[in-house]
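Novice: Sequence below, structure please.
(one chain, ligands or ions: 1)
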Amino acid sequence: MNISITKVDQLKEKTPADQLGFGKVFTDHMFLMDWSSEEGWHDARIVPFGRIDLHPACTALHYGSEIFEGLKAYRTESGEVQLFRPIENIKRMNRSAERLCLPTIPEDMFMEILDTFVGMEQDWTPSEPATSLYIRPFMFGNDETLGVHAVHHALFMIILSPVGTYYKEGLNPVKIMIEDQDVRAVRGGTGEAKCGGNYAASNRAGERAEKQGYSQVLWLDGVEQKYIEEVGAMNVMFKIAGEVVTPMLTGSILPGITRKSCLEILRKEGYKVSERRISVDELDAAMANGTLEEAWGTGTAAVVSPIGELMYKGRKYIVNNNEIGEVTQHLYDTMTGIQWGKIEDSYGWIHKLQ
Ligand SMILES: *Cc1c(COP(=O)(O)O)cnc(C)c1O
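Specialist: The predicted structure is shown next:
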């Protein structure tokens, strides 16, 4: 494919790793590509990072037709830059696109864009422990009329952000509030699509939780508010009486790539694992009788994030003494070991930049 490249006159100075935070610093360039129902994908271009010009009637601003992805480039000890299962993000973005009636992107074209663009910006991949270059592809409906109809114009973009560790506290356990009022998603809705709208609907509960000192919300299903779904921007796993359990994908849960990878690691290593419905009552009982041994979230941003405290209807439970558990630590070590090239990738998950 043809990607036109306009370079900046002067490269920015790289921010020191300890001042990166998450998603605050961006690289020198950005990628854009237009789509229209007449022309399909066209005008793939890399240009200096900066503001974009939108019509005030832009579809996404009014009707929320927006989807995104999140993956990372990791710098290995030998200095190479590599991606983790990018094909999974590509496939998921296309599934999200289908759900929101946005155009899909041919997989090989998407991969070529990632290789070209991330390759061009790879100097921005930091090398300090636990740092990476976060890759944010996103797409939105870009028609210039207020009529509600299928999208005829869309814009696909990728921006890149060098990131430090996701949580300020590092791998310390987080406090999570089980949400019993708002719901994030319902079956048949957009819960399994990675779209901005899901986040907009989550903000109110997130804010309420934050005010009470909790870092994220654990969502229950949208119909009965009875079954565990996922945490904010992470999937959730529990170790209950020796078995790792995680909510099965029922259509309202985001199918996380970290979730999938953790399950594959655990199954290959012979752990007892099950994907099934977990009711909040079952969790409540496991917390009360001490069989809840570990709880953690999984997601690209934080990899795994131990849960040290769970609160449900005013009752607080401390999980595993508020310490990171054995399985949580093992998953963190294995996943990050593969991602940063410190342990051998026997799964074929690593994609070296082409
Ligand atoms: C992105 C995301 C996740 C985690 O998915 P990964 O592919 O593991 O990063 C979980 N839940 C929601 C709502 C998400 O948007």
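Novice: how many other residues sit next to the nearest residue to Thr291 once chain neighbours are set aside?
Specialist: Distances taken as CB to CB, 6 or more residues apart in numbering put Ala241 closest to Thr291, at 4.3 Å, once the chain neighbours are dropped. In this view, the C-beta of every residue, glycine as well, is placed from N, C-alpha and C. Residues lying near Ala241 (other CB atoms under 10 Å) number 12.
Novice: Can you pull the phi/psi pair for Ala241?
Specialist: Main-chain dihedrals, Ala241, degrees, to the nearest 10: phi 50, psi 50.
Novice: these two touch, right, it and Ala286?
Specialist: Yes - counting by CB atoms under 8 Å, Ala286 is a contact partner of Ala241 at 7.5 Å.
Novice: host element of Met93?
Specialist: helix 86-99 (DSSP states H and E).
Novice: Going by contacts, tell me the helices and strands next to that helix.
Specialist: strand 66-68, helix 107-120, strand 132-141, helix 257-268 (3 or more CB pairs under 8 Å, 6 or more residues apart in numbering; DSSP states H and E).
Novice: redo that, cut-off 6 Å
Specialist: helix 107-120 (3 or more CB pairs under 6 Å, 6 or more residues apart in numbering; DSSP states H and E).
Novice: Could you list the low-pLDDT ranges of the stretch 151-300 of the chain?
Specialist: For the stretch 151-300 of the chain, the stretches flagged by pLDDT under 70 are 166-170.
Novice: What are the boundaries of the helices in it?
Specialist: With DSSP state H, counting those that start in this stretch applied, the stretch 151-300 of the chain shows helices at 196-211, 257-268, 280-288, listed in chain order.
Novice: Which of the ones you listed has the highest mean neighbour count?
Specialist: helix 257-268 (a mean of 19; mean count of other CB atoms under 10 Å).
Novice: For the closest residue to the ligand within the stretch 1-150 of the chain, give its distance to Glu112.
Specialist: Here the stretch 1-150 of the chain gets closest to the ligand at one residue, Gly70, 5.6 Å apart by CB to the nearest ligand atom. Distance of Gly70 to Glu112, given as CB to CB, to the nearest Å: 20 Å.
Novice: so how many other residues sit close to Trp41?
Specialist: With other CB under 10 Å as criterion, Trp41 counts 17.
Novice: So which bits of the chain are right by the ligand?
Specialist: By CB under 6 Å from any ligand atom, the residues of the chain that approach the ligand are 70, 194, 230, 233-235, 254, 256-259, 298-300.
Novice: In a helix, Arg51, correct?
Specialist: No - in this structure, Arg51 is coil, not part of a helix, as judged by DSSP: H, G, I helix; E, B strand; the rest coil.
Novice: In the record's domain split, what are the boundaries for the protein?
Specialist: According to automatic domain parsing, the chain comprises the domains 4-163, 174-339.
Novice: ends of the shortest one, how far apart?
Specialist: Same thing as domain 4-163. With CA to CA, to the nearest Å as the measure, domain 4-163 spans 27 Å from end to end.
Novice: Stretch 190-204 now?
Specialist: Note: stretch 190-204 ends 18 Å apart using CA to CA.
Novice: now do stretch 176-192
Specialist: Stretch 176-192: ends 21 Å apart by CA to CA.
Novice: what's in contact with the helix holding Met93?
Specialist: The contact list for helix 86-99 (CB atoms under 6 Å, 6 or more residues apart in numbering) reads Ile67, Glu69, Leu71, Thr104, Glu107, Phe110, Leu114, Ala193, Lys194, Ile257, His351.
Novice: For the second one, give me the pLDDT.
Specialist: Glu69 carries a pLDDT value of 98.
Novice: Give me the phi and psi for it.
Specialist: Per degrees, to the nearest 10, the backbone of Glu69 is at phi -140, psi 170.
Novice: which residues does it contact?
Specialist: Asn89, Met93, Pro137.
Novice: of all those, which comes closest to Thr15?
Specialist: Of all those, Thr15 sits closest to Pro137, with 22.1 Å by CB to CB.
Novice: List the contacts of the closest one.
Specialist: Glu69, Ile158.
Novice: Relative to Glu326, how far out is it?
Specialist: From Pro137 to Glu326 the distance is 35 Å (CB to CB).
Novice: okay if I get the contacts of Glu69 as JSON lines plus pLDDT?
Specialist: Output for these, formatted as JSON lines (pLDDT from 0 to 100):
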{"residue": "Asn89", "pLDDT": "98"}
{"residue": "Met93", "pLDDT": "98"}
{"residue": "Pro137", "pLDDT": "98"}
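Novice: which one among those residues gets closest to Val319?
Specialist: Using CB to CB, Asn89 is the member of the contacts of Glu69 that lies nearest Val319, at 30.1 Å.
Novice: about what we covered before: so which of the contacts of helix 86-99 is the most crowded?
Specialist: Ile67 (29 neighbours).
Novice: neighbours of the nearest residue to it once chain neighbours are set aside, just the number please.
Specialist: Of all residues not flanking Ile67 in the chain, Ser96 sits nearest, at 4.1 Å (CB to CB, 6+ apart). Counted by other CB under 10 Å, the residues lying close to Ser96 total 22.
Novice: picking up where we left off before, let's have the helices of the stretch 151-300 of the chain in CSV, adding distance to Gly188.
Specialist: Below are these laid out as CSV (distance: least, CB to CB, whole Å):
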stretch, distance to Gly188
helix 196-211, 14
helix 257-268, 21
helix 280-288, 22
